[in-house]
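> Quick one, fold the following:
(one chain, ligands or ions: 1)
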Amino acid sequence: MRLIDLRSDTVTRPTPAMREAMANAEVGDDVFGEDPTVNHLEAAAAERVGKESALFVPSGTMANQIAIAVHTRHGDSVLASQGAHILRYEAGGAAALSGVQITTVGRRGIFDEDDVRAAVLPATNVHFAPTSLLAVENTHNASGGRIFPLGQLAAATAAAHDAGLRTHLDGARLFNAVVASGVDAKRWAAHFDTLSFCFSKGLGAPVGSVLCGSRDAIGHARRLRKRFGGGMRQAGVIAAAALHALDRHVARLADDHANARRFAEGLQNLGLPVDPWPETNIVMFGVADTMGFARAAHECGVGVIPLDPGRFRAVTHLDVSTDDIDEAIARIATMLRAQPELRPAA
Ligand code: TLP
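Numbering: from 1, shown residues only. Okay, here's the model as predicted:
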């Protein structure tokens with residue numbers, strides 16, 4: 001049975017046109033700054049988000065970890081949302097690589113200026129790990145692809161700047177927020193000293209992310225990329241895929257969002273509660289028996305992953321069509337007819 005893979009939008013394979021762009025890429029040694037395709041991508045990415053400079057890196061994790069290292073010193077603290085990727089899914093990198101501790105702020109990915117003010121630890125008290133960075137994640141993965149409301153984001157980041165903090169945006173799925181909200185990338189980016197976004201998620205490229213910011217911040221980041229082992233050589237081959245994705249795969253994210261809503265409706269009709277209602281391409285839903293549902297979904301060829309006990313995530317992307325979504329719902333319906341105990345009590 002063919003797998004309908006909704007585990008993540010990272011699973012996409014390059015399209016034939018993307019592979020052609022990769023095959024034809026002009027390349028050079030990027031550690032010498034001589035890869036024309038990487039240079040083109042970095043300029044295009046910086047322009048797209050209205051920053052002076054950009055750095056192509058192998059992953060979203062490396063972009064975030066470099067940003068943390070750029071903005072902090074050992075012994076500092078960093079404010080991040082509940083369930084933030086930098087806190088939960090980066091292998092303890094903030095502590096291991098930058099020697100900082102992360103404190104959570106707000107609820108389910110969102111916070112306001114009062115939350116920020118209350119959470120900042122000032123450097124004037126020797127007991128504290130002084131807070132030097134506020135990290136925002138938009139869209140927020142662990143909260144179901146939620147979009148941070150722009151007005152609240154402006155106020156929260158302004159409060160952080162007023163308190164002397166720097167700000168970083170983990171925009172792994174920034175373009176999902178752009179397409180769903182109609183607010184362009186520059187307007188989101190204006191509130192941040194640095195921001196990262198990924199080509200290897202909804203945009204459908206095989207590898208790569210970018211960190212954007214001022215010339216100084218990105219100059220520093222370039223040295224840290226080398227130190228973290230992320231200096232790449234003829235990276236134009238993958239940069240070409242990223243450029244292709246940025247040119248061709250942004251507007252179509254609206255299809256993924258429509259598919260996510262369609263999947264959510266299907267699940268809801270089958271008695272699997274969806275919470276929150278998807279704003280972008282991530283669907284969070286509840287089941288009665290985590291392991292039982294994981295096994296049954298695997299057996300019927302629907303790839304979804306448990307995030308917390310009783311809670312699953314499904315992500316729509318370039319490689320799942322509307323027909324695939326309907327087929328996935330039909331398979332789950334058959335599964336629930338055979339195993340009704342997987343459905344939570346109403
Ligand atoms: N997220 C992955 C997993 O690591 C959980 C996924 O499948 O969603 N920031 C955010 C908000 C992310 O969701 C991810 C990847 C990253 C950063 C890291 O990107 P990579 O995987 O390129 O290191």
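
> Helices of the stretch 151-300 of the chain, start to end?
Using DSSP state H, counting those that start in this stretch, the helices of the stretch 151-300 of the chain run over 174-181, 185-189, 215-227, 236-248, 253-269, 290-299.

> Tell me which of the ones you listed approaches the ligand most closely.
Across the helices of the stretch 151-300 of the chain, the ligand has its closest neighbour in helix 174-181 (9.6 Å, Cβ to the nearest ligand atom). Placement of C-beta: from N, CA and C, glycine included.

> Output the contacting helices and strands for the closest one.
Here helix 174-181 touches helix 185-189, strand 194-198, helix 253-269, going by 3 or more Cβ pairs under 8 Å, 6 or more residues apart in numbering; DSSP states H and E.

> Just to check, Ala84 is in contact with Thr104?
Yes. Ala84 lies in contact with Thr104 (Cβ atoms under 8 Å); the separation is 7.4 Å.

> neighbour count winner among those two?
A direct count of neighbours by other Cβ atoms under 10 Å for Ala84 and Thr104 places Ala84 higher, at 26 against 15.

> Tell me which residues touch the nearest residue in space to that one that is not next to it in sequence, please.
Excluding the flanking residues, the one nearest Ala84 by Cβ to Cβ, 6 or more residues apart in numbering is Glu137, at 5.2 Å. Residues near Glu137 by Cβ atoms under 8 Å, 6 or more residues apart in numbering: 80-81, 84-86, 109, 169-170, 172.

> Among these, which ones lie close to the ligand?
85, 170, 172 (Cβ under 6 Å from any ligand atom).

> who wins for neighbours among the residues you listed?
Top of those by neighbour count (other Cβ under 10 Å): Asp170, with 31 neighbours.

> got the contact list for that residue?
60, 63-64, 84-86, 135-138, 195-196.

> Switch those residues over to TSV; also include distance to His244.
Listed next are these as TSV, based on distance: Cβ to Cβ, whole Å:
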residue	distance to His244
Gly60	19
Ala63	20
Asn64	24
Ala84	30
His85	25
Ile86	28
Ala135	29
Val136	28
Glu137	26
Asn138	24
Leu195	21
Ser196	19
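
> Point out the residues in the protein that sit beside the ligand.
8, 10, 59-61, 64, 85, 89, 137, 141, 170, 172, 198, 200, 209.

> Which parts of the protein are strands?
All strands of the chain, identified by DSSP state E, fall at 4-5, 53-57, 77-81, 101-105, 131-137, 166-171, 194-198, 209-213, 282-286, 302-303, 305-308, 311-315.

> Give me the neighbour count for the closest residue to Asn176 other than its chain neighbours.
With sequence-adjacent residues excluded and distances taken as Cβ to Cβ, 6+ apart, Asn176 is closest to Thr280, at 4.1 Å. Using other Cβ under 10 Å, Thr280 has 29 other residues around it.

> give the contact list for Thr280.
With Cβ under 8 Å, 6+ apart, Thr280 has these contacts: 139, 145-147, 173, 176-177, 180, 253, 256-257, 260.

> What count of nearby residues applies to the nearest residue to Thr334 once chain neighbours are set aside?
Spatial nearest neighbour of Thr334, chain neighbours left out: Cys300 (6.9 Å); criterion: Cβ to Cβ, 6+ apart. Residues within reach of Cys300, counting by other Cβ under 10 Å, total 18.

> Kindly report the same for Arg215.
Going by other Cβ under 10 Å, the residues that sit close to Arg215 add up to 11.

> Same question for Asn269.
Neighbours around Asn269, by other Cβ under 10 Å: 10.

> Need the pLDDT of it.
Predicted confidence (pLDDT) at Asn269: the value is 97.

> Just the closest residue of this structure to the ligand, please.
At 2.6 Å from the ligand, Gly60 is the closest residue in the chain, using Cβ to the nearest ligand atom.

> what's near enough to touch that residue?
85, 170, 172, 196, 198, 200-201, 209.

> Could you report the distance from the residue nearest to Ala84 to Arg262?
For Glu137, the distance to Arg262 equals 25 Å [Cβ to Cβ, to the nearest Å].

> Was I right to think Ser77 contacts Gly99?
No. The pair Ser77 / Gly99 is not scored as a contact, 10.7 Å apart, by Cβ under 8 Å.

> So for those two, which sits in the more crowded spot?
Each of Ser77 and Gly99 has its neighbours counted (other Cβ under 10 Å); Ser77 has more, 20 against 15.

> now the more buried one: how far from Arg343?
According to Cβ to Cβ, Ser77 stands 43 Å off from Arg343.

> circling back to that earlier point, where do the contact lists of Ser77 and Gly99 overlap?
Both Ser77 and Gly99 lack any common contact, where contact means Cβ under 8 Å, 6+ apart.

> nearest residue to Arg220 other than its sequence neighbours?
Quick fix: residue 220 reads His, not Arg. Spatial nearest neighbour of His220, chain neighbours left out: Val70 (5.2 Å); criterion: Cβ to Cβ, 6+ apart.
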